[in-house]
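Q: My questions are about this predicted structure, shown below with the sequence.
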Amino acid sequence: MILTNMLDSTLNHIRRIIPARLFSSLQRPYHLALSLSAAILYGFPSKDIKVVAVTGTKGKSSTVEIVNAILEEAGYQTALSNTIRFKIGDRSEPNLHKMSMPGRFFMQRFIQRAVLAGCQYIVIEMTSQGALFFRHKHIDIDTLIFTNLSPEHIEAHGSYENYVASKLSIAAALADSSKPNKTLIVNADDKEGERFMACQADRKITYSVHDVEPYAVKKEGLEFRLANRQMRSPLSGLFNLYNIVAAVTCAESEGVSIDKIAAALERFGDIPGRVEKVEAGQDFTVIVDYAHTADSLEKLYKVFRPDPDDSRSGEYRMIGVLGGTGGGRDTSKRAIMGALADRYCDEVILTDEDPYDEDPNKIVADVATGVTSKLPSVIMDRRAAISTALRLAKKGDIILITGKGTDPYIMGPNGTKTSWSDSAVAREEIAKLHA
């Protein structure tokens, strides 16, 4: 970490004293050199452990967690790295980096630690932004899972095609891996699946939710059929069914038995920050979720209200607490997210999220333009917004707190950050109701 900070400081100094075009031309060799240096320093550790990488727009962290749970059930010692946490064997710590895939020296050292701890597998979330800085380079991948692809991080990549190219560079890293029997697992239901299937691998396997029909998506969990047996999972949402099928396909490719897979899925419960249920003795449901795009927000809302126009939806109220995602990012989705909250939720509370250097009031005002059938409550203090939602809730109601998931900070101007946890704050505020 000290070395990385020194290098970043040096890079920032160079940025200030040389022309922007020259600086841009130097970035690629600089980052490639760092990737190679990190791998050399830690002895190319990925050669000594099976590496399962997961990439895509949505579902990466959840798929990593499910793959890990199945491998653990099968008796393997595992490590994992994702947006939520870092784990080696039985030791786990939250990811406080505000990066799904931290820097090259961190990643290579983390893999080395997993090898030294005797882990047989490491499951890694690999992102397009990580690939932009070559954080995936010199990590020899055995298996790559592609979940799905939709427009995101366009401000970082410049265009959707550049974003796709960054994801495909991770598939190219699989092709370049020194490992034998390189395996590519692709979501056949996704519109970009064919582009990934065109990449090189020794084995190419597709998966689809049609593989587990008939299936039922319920608020209380999932039911589906696999290998002629009925399966159940406490996870909710069609998106989680996709994540499960991806993980199961990976496990089967590694020779894990259907009995071990079934046991793992039935036992595996909440994923922190992903349709996470906050249980603190209340008689209503509180959900914390990372949903920070229009697509993911609607998929979450549909878990609890599949058809907002159905008259039976009035059996309980949905209360949405949301912001406009990070400041300085895709502004076009803000009104869309407001419109979704307007359509699915009975009460809409708009609040601060991660404004960075943008005016948080402007962000929330952008979201509010989509709320047209009801008057949203604007409560900029996020704790107060959550507290208000809890006080509004009656028995049987559902509160959906979205946008941050397990994000450990609220990011403010000039790099400032405030420690934060939606789930912890919700528990604290519920305790006040019971006091």
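A: Structure received.
Q: The residue nearest the centre of the chain: which element?
A: In the chain, the C-alpha closest to the average C-alpha coordinate belongs to residue 61, at a distance of 4.4 Å (CA atoms, centre = their mean). Assigned by DSSP states H and E, residue 61 falls within helix 60-73.
Q: Now do the buried residues in that helix.
A: Neighbour-count burial for helix 60-73, counted by 16 or more other CB atoms under 10 Å, picks out 60-73. Where you see a C-beta, it was placed from the backbone N, CA and C, and this is true even at glycine.
Q: pLDDT weak spots in the stretch 1-150 of the chain?
A: Judged by pLDDT under 70, the stretch 1-150 of the chain has its weakly predicted residues at 1-16, 19-27.
Q: could you pull out the helices for it?
A: Here the stretch 1-150 of the chain has its helices, by DSSP state H, counting those that start in this stretch, at 2-17, 20-41, 60-73, 104-116, 128-132.
Q: And the fourth one, what does it pack against?
A: Applying 3 or more CB pairs under 8 Å, 6 or more residues apart in numbering; DSSP states H and E, we find helix 104-116 packed against helix 2-17, helix 20-41, strand 78-81, strand 85-88, strand 121-125.
Q: Equivalent analysis for the last one, please.
A: For helix 128-132, the elements it packs on are helix 154-157, helix 160-176, judged by 3+ CB pairs under 8 Å, 6+ apart.
Q: ok, 6 Å please
A: Using 3 or more CB pairs under 6 Å, 6 or more residues apart in numbering; DSSP states H and E as the contact criterion, the secondary-structure elements in contact with helix 128-132 are helix 160-176.
Q: Mind giving me the packing neighbours of the helix it packs on?
A: helix 128-132.
Q: which outside residues touch the helix it packs on?
A: Judged by CB atoms under 6 Å, 6 or more residues apart in numbering, the contacts made with helix 128-132 from elsewhere in the structure are 101, 153, 156, 163, 166-167, 169-170.
Q: which among the residues you listed gets closest to residue 17?
A: Distances from residue 17 to the contacts of helix 128-132, taken as CB to CB, are shortest for residue 156 (24.6 Å).
Q: and the gap between the closest residue to that closest one other than its chain neighbours and residue 57?
A: Nearest non-adjacent residue to residue 156, counting by CB to CB, 6 or more residues apart in numbering: residue 129, 5.7 Å away. To residue 57, residue 129 is 12 Å away according to CB to CB, to the nearest Å.
Q: Tell me which of the two has more neighbours.
A: With neighbours defined as other CB atoms under 10 Å, residue 129 and residue 57 compare such that residue 57 has more, 21 against 16.
Q: Where do the helices of the stretch 301-435 of the chain begin and end?
A: With DSSP H, counting those that start in this stretch, the ranges of helices along the stretch 301-435 of the chain come out as 332-344, 360-368, 382-392, 422-434.
Q: ok and the second one relative to helix 332-344, angle-wise?
A: Our comparison of helix 360-368 with helix 332-344, counting by axes from the mean of the first three to the mean of the last three CA atoms, to 10 degrees, yields an angle of 50 degrees.
Q: returning to that earlier point: in a markdown table, list the helices of the stretch 301-435 of the chain along with distance to residue 235.
A: Rendered in a markdown table, the data for the helices of the stretch 301-435 of the chain read as follows (distance: least, CB to CB, whole Å):
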| stretch | distance to residue 235 |
| --- | --- |
| helix 332-344 | 20 |
| helix 360-368 | 28 |
| helix 382-392 | 24 |
| helix 422-434 | 17 |
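Q: what's the most buried one of the ones you listed?
A: helix 332-344 (a mean of 21; mean count of other CB atoms under 10 Å).
Q: Contacts for it, please.
A: If you take CB under 6 Å, 6+ apart as the criterion, helix 332-344 is touched by 294, 297-298, 301, 305, 308, 320, 322, 324, 348, 366-371, 373.
Q: excluding its backbone neighbours, what's nearest residue 285?
A: Counting by CB to CB, 6+ apart, residue 398 is the residue found nearest to residue 285 once chain neighbours are left out, at 4.5 Å.
Q: any idea how far that neighbour is from residue 374?
A: If you go by CB to CB, the gap between residue 398 and residue 374 works out to 17 Å.
Q: Kindly report the same for residue 101.
A: Between residue 101 and residue 374 the distance, using CB to CB, works out to 39 Å.
Q: neighbour count winner among the two?
A: Set side by side, residue 101 and residue 374 show unequal neighbour counts under other CB under 10 Å, the larger going to residue 101 at 26 against 12.
Q: The more buried one contacts residue 135, doesn't it?
A: Yes - in terms of CB atoms under 6 Å, residue 101 counts as a neighbour of residue 135; the distance is 5.2 Å.
Q: just to revisit the earlier point, so which of the contacts of helix 332-344 belong to strands?
A: Among the contacts of helix 332-344, the members falling in strands are 320, 322, 348 (criterion: DSSP state E).
Q: ok, the second one - contacts?
A: When you say that, I think you mean residue 322. Per CB under 6 Å, 6+ apart, neighbours of residue 322: 341, 402-403.
Q: where does the stretch 251-400 of the chain dip in pLDDT?
A: Per-residue confidence of the stretch 251-400 of the chain (counting by pLDDT under 70) places the weak regions at 311-313.
Q: measure residue 55 to residue 130 for me?
A: 9 Å.
Q: Of the two, give the one with the bigger neighbour count.
A: Set residue 55 next to residue 130 and count neighbours by other CB under 10 Å: residue 55 wins out with 30 against 23.
Q: That one contacts residue 168, correct?
A: No - because the distance of 9.4 Å does not satisfy CB under 6 Å, residue 55 is recorded as not touching residue 168.
Q: Which secondary structure state is assigned to the closest residue to residue 297 other than its chain neighbours?
A: By the measure of CB to CB, 6+ apart, the closest residue to residue 297 outside its immediate chain neighbours is residue 291, 4.4 Å from it. Under the three-state scheme (DSSP: H, G, I helix; E, B strand; the rest coil), the conformation of residue 291 reads as coil.
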